[in-house]
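Student: Have a look; sequence and predicted model below, questions after that.
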Amino acid sequence: MSILHTVNKSPFERNTLMDCLARAKDGAAVLLIEDGVYGALAGTQASDAIAKRGAIKFYALGPDLDARGLAEKPLIDGITLIDYSGFVDLAEAHNPVQSWL
Amino acid sequence: MDDFEDDEFDGPVKKFLFLNRKAPYGTIYALEGLEVVLITAAFDQDVSMVFADDGVFQIKKDQETSGINMKNFSPTYRALEGYEVEKVYAEKESLEARGLSEDDLVIPVEVLSAAELAELMDTQDVIVSF
Amino acid sequence: MKFGILVNEGPFTHQASDSAYHFTKAALEKGHEIVRVFFYHDGVNNANKLSEPQSDDRNLVGMWSALAEEHGVELIVCVAAALRRGIKDELLAAGFTISGLGQLVEAGIIGDRLITFGD
């Protein structure tokens, strides 16, 4: 069973997303929550880091995108939007769960 | 309380990985994280401890905290062995990025690469990261 | 499935406790079991019954208490972290209990997953 990584920091302020990706294996899942969802946006200085890791499955928490006024903004190709129920499903499907705080 | 502890020691042994990523003193996470590691070892679990990212600064030698009037808890890492926490690692890339080598560290560690850390994480039942 | 939840931040400075609450609620609604919610670091401030958010804001302390009341979720506050921060028995909101760090380790042992929310 592969790992679920969560990232809750903006890639424009912290290295957390890069720290996560440096240790995330192909086949793992990465979920962006809280300020981490800024990393899901297409066309930013940070987009490439996710865009070039096609063998990792990326998810972003919709309620956190909505709260930040990002509901209509395009996301990086391949990112799946989920809600808290989907977060629970991901945590059930993966083990262990590593929160990159 | 004795019954409770007996129950614990009869329970399953899980693989716990403590991934320490924060520098000491600036925030409390390193100190309170260390407290969790020591308790977990007392539960006879299979404990691994990794210092990565700014966490490698936790085990820098020569910490002298009298000038900031905070408790220097770096000697406590030397007690890990007494708690039978023997799997202690530091990540090579994190050390190098911060200009540190094994000689700078207060305890002996096994140095592992980011790729090896990824493999180690994959084999765990529980990862707690402070 | 059995989930253990670790909350490392208080109810206002960071979103961590909100996220943990929404995850916990969603897990319960899906029929999962929450083994325990363990409050550590500044997370112990989630138990402070003297907390008074403005009337148009959510009240996380009360929301956690309600979850304990409705679903029997165990809310454990770390004793060492709580003492440092002045959180004592007489300050605890309904449903919270002060106990040792061993309760966190036990949640990791008996739970199928341990999910951390923090900063």
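Tutor: Happy to help now that I have it. What you see is a predicted model, and the numbers here were worked out from it, not measured in a lab.

Student: you'd agree residue C:105 is up against residue B:40?
Tutor: Yes - if you go by Cβ atoms under 8 Å, residue C:105 and residue B:40 touch, sitting 4.8 Å apart. Placement of C-beta: from N, CA and C, glycine included.

Student: Can you pull the residues that touch both of these two?
Tutor: Listed as contacting both residue C:105 and residue B:40 by Cβ atoms under 8 Å, 6 or more residues apart in numbering or on different chains are residue B:16.

Student: can you give me the helices for chain B?
Tutor: In chain B, the helices defined using DSSP state H lie at B:2-10, B:29-42, B:92-97, B:114-122.

Student: cool, chain A as well?
Tutor: Counting by DSSP H, the helices of chain A are A:16-23, A:47-51, A:62-67, A:84-93.

Student: which stretch among these comes nearest chain B?
Tutor: Taking Cβ to the nearest Cβ, helix A:16-23 is the member of the helices of chain A nearest to chain B, at 4.7 Å.

Student: tilt between that closest one and helix B:114-122?
Tutor: Angle between the axes of helix A:16-23 and helix B:114-122 is 90 degrees (criterion: axes from the mean of the first three to the mean of the last three Cα atoms, to 10 degrees).

Student: so, in contact with chain A or not, the helix or strand hosting residue C:63?
Tutor: Residue C:63 belongs to helix C:60-71 when elements are defined using DSSP states H and E. No - using Cβ under 8 Å from any Cβ of the partner chain, helix C:60-71 stays clear of chain A, coming no nearer than 13.7 Å.

Student: Tell me which helix or strand comes right after that helix.
Tutor: strand C:75-78.

Student: What's the end-to-end length of stretch C:3-23?
Tutor: 10 Å (Cα to Cα, to the nearest Å).

Student: Do me a favour and average the pLDDT over it.
Tutor: In this model, stretch C:3-23 has a mean pLDDT of 98.

Student: Then stretch B:23-38?
Tutor: Rounded mean pLDDT across stretch B:23-38 is 96.

Student: what's next to that stretch, contact-wise?
Tutor: A:101, B:18, B:20, B:22, B:47, B:49, B:54-55, B:57-58, B:63, B:65, B:68, B:70-71, B:73-74, B:76-77, B:79-80, B:83, B:85, B:128, B:130, C:8, C:40-41, C:80-81, C:101, C:104-105.

Student: For that stretch, buried residues please.
Tutor: Going by neighbour count (16 or more other Cβ atoms under 10 Å in any protein chain shown), the buried part of stretch B:23-38 is B:23-25, B:28-38.

Student: now stretch C:21-37
Tutor: C:21-28, C:32, C:34-37.

Student: thinking again about what came up before, which elements pack onto the helix holding residue C:63?
Tutor: The helices and strands touching helix C:60-71, judged by 3 or more Cβ pairs under 8 Å, 6 or more residues apart in numbering or on different chains; DSSP states H and E, are helix C:16-29, strand C:75-78, strand C:96-99.

Student: do that again at 10 Å, thanks
Tutor: helix C:16-29, strand C:33-39, strand C:75-78, strand C:96-99 (3 or more Cβ pairs under 10 Å, 6 or more residues apart in numbering or on different chains; DSSP states H and E).

Student: and chain A, which residues reach chain C?
Tutor: A:4, A:6, A:8-9, A:33-35, A:61, A:63-64, A:67, A:83-89, A:91-92, A:94-101 (Cβ under 10 Å from any Cβ of the partner chain).

Student: what do you get if the cut-off is 8 Å, keeping everything else the same?
Tutor: Residues of chain A lying near chain C (Cβ under 8 Å from any Cβ): A:8, A:33-35, A:63, A:83-85, A:87-89, A:91-92, A:95-97, A:99, A:101.

Student: Residue B:59 against residue B:77, yeah?
Tutor: Yes - here residue B:59 reaches residue B:77: they are 5.6 Å apart, a contact under Cβ under 8 Å.

Student: Overlap in contacts, these two.
Tutor: Common neighbours of residue B:59 and residue B:77, using Cβ under 8 Å, 6+ apart, are B:106, B:107.

Student: Among these two, which residue is more densely surrounded?
Tutor: More crowded of residue B:59 and residue B:77, by other Cβ atoms under 10 Å in any protein chain shown: residue B:59, with 24 against 20.

Student: The more buried one and residue B:76, how far apart?
Tutor: 10 Å (Cβ to Cβ, to the nearest Å).

Student: Alongside chain B, which residues does chain C contribute?
Tutor: C:6, C:8, C:40-41, C:80-81, C:100-102, C:104-106, C:108-110, C:114, C:116, C:118.

Student: rewinding a little: close to chain A as well: tell me which of the buried residues of stretch C:21-37 qualify.
Tutor: Checking the buried residues of stretch C:21-37 against chain A (Cβ under 8 Å from any Cβ), the matches are C:22, C:23, C:25, C:26, C:27, C:32.

Student: Write out the residues of chain C neighbouring chain A.
Tutor: Near chain A, when you scan chain C using Cβ under 8 Å from any Cβ, you find C:1, C:3, C:8, C:15-16, C:19, C:22-23, C:25-27, C:29-30, C:32, C:112-119.

Student: mind redoing it with 6 Å?
Tutor: C:1, C:15, C:22, C:23, C:26, C:27, C:30, C:113, C:115, C:116, C:118, C:119 (Cβ under 6 Å from any Cβ of the partner chain).
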